[in-house]
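Turn this into a model:
(one chain, ligands or ions: 1)
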Amino acid sequence: MQKLSNYIDGKLVAPKSKKYIDLFNPAKGSVYAQVPNSSMKDVDIALKAASKAFPNWANTSINRRAKILNKIADLIMANLDRLAKAESKDNGKPVSLAKAVDIPRSAANFRFFAHAITQFSSESHEMTDAINYTLRQPIGVVGTISPWNLPLYLFTWKIAPALAAGNTVIAKPSEVTPMTAFLLSEICIEAGLPKGVLNIVHGDGINVGAEMSKHPKIKAISFTGSTRVGQEIAKVAAPMFKKLSLEMGGKNPNIIFADCNYEKMLDTTIRSSFANQGQICLCGSRIFVEKSIFNKFKKDFVAKVNKLIVGPPNKKTTNIGAIVSKPHYEKVLSYIELAKKEGGKILTGGKSIHPKGHENGWYIAPTIIEGLDYNCRTNQEEIFGPVVTIMPFTTEEEVLTFANSTEYGLASTIWTENISRANRMAKQIHSGIVWINTWMMRDLRTPFGGVKNSGVGREGGFEALRFFTEPKNVCIQF
Ligand code: NAD
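I've put the predicted structure just below:
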């Protein structure tokens, strides 16, 4: 059975802990490889390598840094098929999705920040007898911790700006889906990334993630994952005054007014509800529909969802693959049971599925639930699976109350052809991202992140480069 390695100081190495975690293929529910469960010792060795590499990398010209990042992007695209298949096997997502979205976006992350760093500038402030200029210097050794839902996509979204800005990095991918991060380490070696600049330490949250958060020499942590773990990291890192960027959970509203472009809304709502098995932090899991079109929407939405094919991720016809892990599969099913207890009516789905030849895989039918109050647990807690609720509303004020009622505030979607209403709603909704008449349309220059319990700080564009640099004011008197 394949055993993955850590990538430390430019080499692929076994963990000092000698411990491994089983890696599952969600499509089959069986073990297919093992990933290191590293320890504090491995984090320490990575830290030494990263500290040693830092001065040279920080002083490497931005053109040279950009060239290496572009080379990594080229190699990711040259390995598109292989990486897409690996991502699908590790995560359960359809190969077609990994090939169209996850892997190209991972390459785009490197390419985007390779370009962005050449355009990054700092401020200067003139006084009558002096000038101030702001130096933006890399922080040093920084840590990145990422989740399983978009494995290589989110892993590289953090690494690329950190490296572009001149930091050296200790990166921990999710132990549930580490395969493409491992393959990326081979790509980095091939691309000629100097040793120690990027170190990938595999392992679980307690043995590696928590050790990184409390390590005094890791000066910043960029985290994406659940709100619970974000809180743990903040508790440990905040007293050390580490820089923190936390991208956390969501419970996003999808608000549909009667005057929307109906067909476009319907097609997009299928994606925003169930893409990646509903395991995207931006998915709209609470669907609020204006009362006058509620019944029509319900009928059309259920009919379209019933046409989605749930099946093995490597089959071309599959729309919805497997849920990432057994614990997560059980969690999603438990929320469906909770919804029933809370009085919800299952309009479609609501059960697990066992495709022929993949009977032990973790599949859940796309599920639509109606009849729930906006503030019941099903509508307040993050489920993060192929489960949505639909609810009618009558006025803007009412739907704003519903939409803003959760502890989360990541993204929201509004469907209306009335531009004044769209702007009014966008101003009043509590989320870091608002999509109007679209969903998951991304320009990598824009600030990305959430409010309330969904996040602290912003990723994307120059925001990420600002996070990964420390501003220093230099004042010169004439
Ligand atoms: P998770 O919080 O369980 O794990 C995320 C990462 O943190 C993993 O690498 C894990 O090993 C690590 N970790 C676990 N315990 C830790 C600890 N005590 N200290 C340090 N690190 C620790 O999240 P998950 O289940 O992998 O991912 C799903 C969650 O991620 C959902 O809540 C989803 O909304 C969120 N998410 C948010 C965004 C965003 O941009 N806001 C994007 C994707 C996913």
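
wait, what's in contact with Ser30?
Phe24, Asn360 (Cβ atoms under 8 Å, 6 or more residues apart in numbering). In short, each C-beta sits where N, CA and C put it, glycine included.

What's the separation between it and the ligand?
Plainly put, Ser30 is 21 Å away from the ligand if you go by Cβ to the nearest ligand atom, to the nearest Å.

now do Pro138
For Pro138, the distance to the ligand - Cβ to the nearest ligand atom - is 23 Å.

Check Ser124 too.
Taking Cβ to the nearest ligand atom as the measure, Ser124 falls 33 Å from the ligand.

burial count for that residue?
Ser124 has 11 neighbouring residues, counting by other Cβ atoms under 10 Å.

Bridged to the residue lying closest to it once chain neighbours are set aside, which residues?
Spatial nearest neighbour of Ser124, chain neighbours left out: Tyr133 (4.3 Å); criterion: Cβ to Cβ, 6 or more residues apart in numbering. For Tyr133, the beta-bridge assignment (DSSP bridges) gives partners Ser124, Val474.

interface residues of the stretch 51-200 of the chain facing the ligand?
Ile145, Ser146, Pro147, Trp148, Asn149, Leu154, Lys172, Ser174, Glu175 (Cβ under 6 Å from any ligand atom).

Which members of these are the farthest-apart pair?
Using Cβ to Cβ, the pair of those lying farthest apart is Asn149 and Lys172, separated by 15.5 Å.

of the residues of the stretch 51-200 of the chain next to the ligand, closest to the ligand?
Pro147 (3.1 Å; Cβ to the nearest ligand atom).

got the contact list for the closest one?
Leu154, Ser174, Thr224, Gly225, Ser226.

now do 6 Å
Pro147 makes contacts with Ser174, Thr224, Gly225, as judged by Cβ atoms under 6 Å, 6 or more residues apart in numbering.

With Pro392 instead?
Val289, Lys291, Phe294.

Assign it to helix, strand or coil.
strand (DSSP: H, G, I helix; E, B strand; the rest coil).

per-residue confidence at it?
Note on Pro392: pLDDT of 98.

repeat for Gly92
Looking at Gly92, its pLDDT stands at 98.

repeat for Ala464
Value for Ala464, per-residue pLDDT: 98.

ok, back up a step: between Asn149 and Lys172, which one's more packed in?
Lys172 (29 against 25).

give the contact list for the more buried one.
Residues near Lys172 by Cβ under 6 Å, 6+ apart: Ile145, Val201, Val208, Gly209.

In which helix or strand does the closest residue to Ala464 other than its chain neighbours reside?
Of all residues not flanking Ala464 in the chain, Pro161 sits nearest, at 3.8 Å (Cβ to Cβ, 6+ apart). Per DSSP states H and E: Pro161 is located in helix 151-164.

tell me the mean pLDDT for that helix?
Averaging pLDDT along helix 151-164 yields 98.
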